[in-house]
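Engineer: Got a predicted model here, sequence first, then my questions.
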Amino acid sequence: MQSDEAREVGAAAIVAGGRLLLAQRVGPPELAGLWELPGGKIEPGETPAEGLRRELVEELGVLTAVGGRVGADVPLPNGMVLRAYRVTLLDGEPAALEHSAVRWVGPAELSAAELVPNDRVWLPDLLTLLRVESARQ
Ligand SMILES: Nc1nc2c([nH]c(=O)n2[C@H]2C[C@H](O)[C@@H](COP(=O)(O)OP(=O)(O)OP(=O)(O)O)O2)c(=O)[nH]1
């Protein structure tokens, strides 16, 4: 059954050791080479956490735990909604299985990174997340 709610793209803010994981898109051409939070479309019948965990197995080869939201909802031109979640690594080392590269960034590198346009609104939230996580260590 199709829900009335907009389909969701889930995006993972994975922080470890005071750094955030970014993944570099291979396509489409207008996004290729830009950096995003790994994730993807939540399928009908999946909770956002289930869908995001599945995407992170497919894209990075890691097992994760999905936590609370980060930043605002971002409406996408195709009618979907993009939402970021805090995600913790449980097992595995992230590998670029569907991206051209992955890298861990600290605050300065994150601020300078060429993010996909839709993710730029999250920059202050992601910087705060890095600061909070660093303070906890
Ligand atoms: N995964 C992800 N997608 C994002 C981000 N920001 C952003 O605008 N998008 C857009 C790009 C795509 O239009 C859409 C997600 O597509 P995708 O290609 O990552 O997801 P998917 O694996 O489920 O896609 P598909 O192959 O099934 O079409 O959301 C982000 O931070 N992470």
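Structural biologist: It's in.
Engineer: Between the two ends of stretch 24-44, how far is it?
Structural biologist: 26 Å (Cα to Cα, to the nearest Å).
Engineer: Please enumerate residues in contact with that stretch?
Structural biologist: For stretch 24-44, contacts defined as Cβ atoms under 8 Å, 6 or more residues apart in numbering pick out 1-3, 7-14, 21-23, 48, 50-52, 54-56, 58-60, 80, 84, 94, 96, 98-103, 113-116, 119, 122. All C-beta atoms are positioned from the backbone trio N, CA, C, and that covers glycine.
Engineer: Which members of those residues are classed as buried?
Structural biologist: Buried subset of the contacts of stretch 24-44 (neighbour count, 16 or more other Cβ atoms under 10 Å): 8-14, 21-23, 48, 51-52, 55-56, 59-60, 84, 94, 96, 99, 102, 113, 115-116, 119, 122.
Engineer: burial count for the nearest residue to Leu90 once chain neighbours are set aside?
Structural biologist: In space, and not counting its chain neighbours, Leu90 is closest to Leu63: 4.5 Å by Cβ to Cβ, 6 or more residues apart in numbering. The number of residues packed near Leu63 is 13, by other Cβ atoms under 10 Å.
Engineer: again with Arg83
Structural biologist: Neighbours of Arg83 (other Cβ under 10 Å): 19.
Engineer: So which of the contacts of stretch 24-44 sit within helices?
Structural biologist: Pro48, Glu50, Gly51, Leu52, Arg54, Glu55, Leu56, Glu58, Glu59, Leu60 (DSSP state H).
Engineer: The fifth one and Thr47 touch, don't they?
Structural biologist: This means Arg54. No: counting by Cβ atoms under 8 Å, Arg54 stays clear of Thr47, with 10.5 Å between them.
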